[in-house]
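Engineer: Fold the following.
(one chain, ligands or ions: 1)
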Amino acid sequence: MICPFCRHDDSRVIDSRPVEDGTQIRRRRECPQCSQRFSTQEVALLNIIKRSGATEPFSREKVLVGVRKACQGRPVNEDDLVLLAQRVEETLRATGQAEIEANEVGMAILAPLRELDEVAYLRYASVYRNFASLEDFEGEIALLRALPSNSSTPSSASKTTASSSSISGKS
Ligand SMILES: [Zn+2]
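Structural biologist: Numbering: from 1, shown residues only. Got it, this is the predicted structure:
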């Protein structure tokens, strides 16, 4: 790392500590040339590949905006949403990928949102997964009934379509 004071092309790390729940590392550095000290911060790259193909840095705020909309009028508080966004980021970072498709972010939101509020989950899923008919809702509701929300289901399971025979009531 180049010294920002004298442009010497090397510096020594004198301290390293995790910040932001360990998702970032702050390093204190010292220049062997001019002895000035400075800090650097290291954060793993996490880019989202949008449907257009463009990439942008992952933003917890964007996750928040999406789930906040789905939770309107629901008994969910802001702290729950902040925690959810944090869990989504942790899930995505745990994949170890530096670039993640936007729809994977959607998938990562579904599971914790379902635990938080099933109505908000349905709203979010209906937009995110392009529910086109009542049958789509019925199928999803049948899944919700069949799988208790506290059993953590792999995200791929939610792609399974419920057979219409398992839906009681309207047809
Ligand atoms: Zn220097």
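Engineer: going forward, measure contacts and count neighbours with C-alpha atoms only.
Structural biologist: Will do.
Engineer: low pLDDT regions in the chain?
Structural biologist: 148-171 (pLDDT under 70).
Engineer: near the ion, which residues of it show up?
Structural biologist: 3, 5-6, 31, 34 (C-alpha under 5 Å from the ion).
Engineer: And the residues you listed, which of them are buried?
Structural biologist: In the residues of the chain next to the ion, burial by neighbour count holds for 3, 31, counting by 16 or more other C-alpha atoms under 10 Å.
Engineer: Name the SS class of the residue nearest to the spatial centre of the chain, please.
Structural biologist: The centre of the chain sits closest to Val88, judged by C-alpha atoms, centre = their mean, with a distance of 2.8 Å. Under DSSP: H, G, I helix; E, B strand; the rest coil, Val88 falls in the helix class.
Engineer: List the residues that contact Arg37.
Structural biologist: 28-31 (C-alpha atoms under 8 Å, 6 or more residues apart in numbering).
Engineer: re the thing from before, can you tell me which of the residues of the chain next to the ion is nearest Gly66?
Structural biologist: For the residues of the chain next to the ion, the minimum distance to Gly66 (C-alpha to C-alpha) is 41.3 Å, reached by Cys3.
Engineer: Thought Leu116 was touching Val76, still the case?
Structural biologist: Yes. If you go by C-alpha atoms under 8 Å, Val76 and Leu116 touch, sitting 7.5 Å apart.
Engineer: can you map out the helices along the protein?
Structural biologist: Using DSSP state H, the helices found in the chain span residues 60-70, 78-94, 102-116, 118-128, 134-146.
Engineer: buried stuff in the first one?
Structural biologist: In other words, helix 60-70. 63-64, 67-68, 70.
Engineer: what's across from the nearest residue to Val13 once chain neighbours are set aside in the sheet?
Structural biologist: Distances taken as C-alpha to C-alpha, 6 or more residues apart in numbering place Arg29 nearest to Val13, at 4.4 Å, with adjacent residues excluded. Counting by DSSP bridges, Arg29 is bridged to Val13, Phe38.
Engineer: Give me the number of neighbouring residues for Arg29.
Structural biologist: 21 (other C-alpha atoms under 10 Å).
Engineer: What of Leu84?
Structural biologist: Neighbour tally, Leu84, other C-alpha under 10 Å: 23.
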